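[1] got a predicted model here, sequence first, then my questions.
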Amino acid sequence: MPCLEIKVAAQRPAAPATRLRALLEKPGAAVLRRNFLAETSSHEDPDLHAQLRVAAVLAVDLTDPPRESQAPSPPREEAEPPQSEPAPGNAPDPLAASFAKGLEIWITDGARLTCVHADAEEIAGALAMFDAYLRLARYQPAFQRLDQRILGLTFAFREGLTVGVAGNPGEPAPSPDFSFASISAIPEFEDSRQTGHVIRLPDAGIAFFNDLLRSAAAWLEENSYPNILGSK
């Protein structure tokens, strides 16, 4: 059976690649945050709950709160003429916002604990990857024709976390039956790149992580800047 494969980069980017991390690490900022721990009642395996946790986060810089132009505005009934886009040189820095919403993805591997941040708009790409796998799995004639030992679908978050559906690592890899079989294996060459570590969870982990992302996404959809200040 396929498994959930999680690849954690050896080193996270030196500069924040997400608005959420940029705000949480902003020097001199007094950050107010509101957290929601994504939960699912359909998976009771304690090992899954112990190894993977997703928290939805709203964060605002109280020392420099969003201006009225930054805060989300309610929809208007009358259509407004499209505004001209700023010139590339004058485009605002998306990481300079005083409000951010996203995820903290916590992963444990033995004594090692890793936290990776993700912005809210990244969730849709990860859910699309899981949806593609579930659609394929439901259509058994096509799914059975696949070699599930090498099945692979992946999605990479900006902060260096890659999640995907991979083949069962306990099964032997298929033996090649073409001319490249005589070429030396790649592991014989030195690779100085830091690839981090890989965590593989059983088949149930695929649906578990998918449900956690959906739970967090639903909460973030309902909550925004007014919620964190208690004005809504």
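    Received, thanks.
[2] ok, then the element right after the helix or strand of the chain with the lowest mean pLDDT?
    Lowest on mean pLDDT, DSSP states H and E among the helices and strands of the chain sits helix 140-145, with a mean of 63. As assigned by DSSP states H and E, the chain's next helix or strand after helix 140-145 is strand 152-156.
[3] elements contacting that following strand?
    helix 123-138, strand 161-166 (3 or more C-beta pairs under 8 Å, 6 or more residues apart in numbering; DSSP states H and E). Heads up, the C-betas are built off the backbone N, CA and C, glycines and all.
[4] please identify the most buried of these.
    Mean neighbours per residue, mean count of other C-beta atoms under 10 Å, is largest over the helices and strands packed on strand 152-156 for strand 161-166, with a mean of 22.
[5] before we move on, the earlier item: out of the helices and strands packed on strand 152-156, the one nearest residue 57 is which?
    Nearest to residue 57 among the helices and strands packed on strand 152-156 is helix 123-138 (12.3 Å), distances taken as C-beta to C-beta.
[6] on that earlier part again, any chance of the helices and strands packed on strand 152-156 in TSV, with mean pLDDT and distance to residue 101 too?
    Formatted as TSV, the helices and strands packed on strand 152-156 follow (pLDDT from 0 to 100; distance: least, C-beta to C-beta, whole Å):
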stretch	mean pLDDT	distance to residue 101
helix 123-138	88	10
strand 161-166	88	18
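[7] so which of those is nearest residue 23?
    Between residue 23 and these, the shortest gap by C-beta to C-beta is with helix 123-138, which sits at 17.5 Å.
[8] and the angle from the closest one to strand 152-156?
    With axes from the mean of the first three to the mean of the last three C-alpha atoms, to 10 degrees as the basis, helix 123-138 and strand 152-156 are set at 170 degrees to each other.
[9] now do helix 123-138: everything it contacts.
    Residues outside helix 123-138 that contact it (C-beta atoms under 8 Å, 6 or more residues apart in numbering): 2, 103, 142-143, 146, 153-155, 157, 163-165, 206, 209-210, 213-214, 216-217, 220.
[10] could you redo the last one with a cut-off of 7 Å?
    103, 142-143, 153-155, 163-165, 206, 210, 213-214, 217 (C-beta atoms under 7 Å, 6 or more residues apart in numbering).
[11] if I look at the residue nearest to residue 217 when sequence neighbours are not counted, how far off is residue 219?
    Excluding the flanking residues, the one nearest residue 217 by C-beta to C-beta, 6 or more residues apart in numbering is residue 123, at 4.7 Å. According to C-beta to C-beta, to the nearest Å, residue 123 stands 11 Å off from residue 219.
[12] and residue 198, by the same measure?
    29 Å.
[13] need the max-distance pair from the contacts of helix 123-138.
    Farthest pair in the contacts of helix 123-138, by C-beta to C-beta: 103 and 142, 31.6 Å.
[14] these two: which is more packed in?
    Just comparing residue 103 and residue 142: by other C-beta atoms under 10 Å the higher neighbour count belongs to residue 103, 26 against 11.
[15] test my guess that that one contacts residue 56.
    Yes - judged on C-beta atoms under 7 Å, residue 103 makes contact with residue 56 at a distance of 6.1 Å.
[16] which neighbours do those two share?
    residue 216.
[17] touching the lengthiest helix in the chain from outside, list them.
    Longest helix in the chain by number of residues (criterion: DSSP state H): helix 204-222. Applying C-beta under 7 Å, 6+ apart, the contact partners of helix 204-222 are 2-4, 36, 38-40, 42-43, 45, 48, 52, 54, 56, 101, 103, 120, 123, 126-127, 130, 133, 163, 165.
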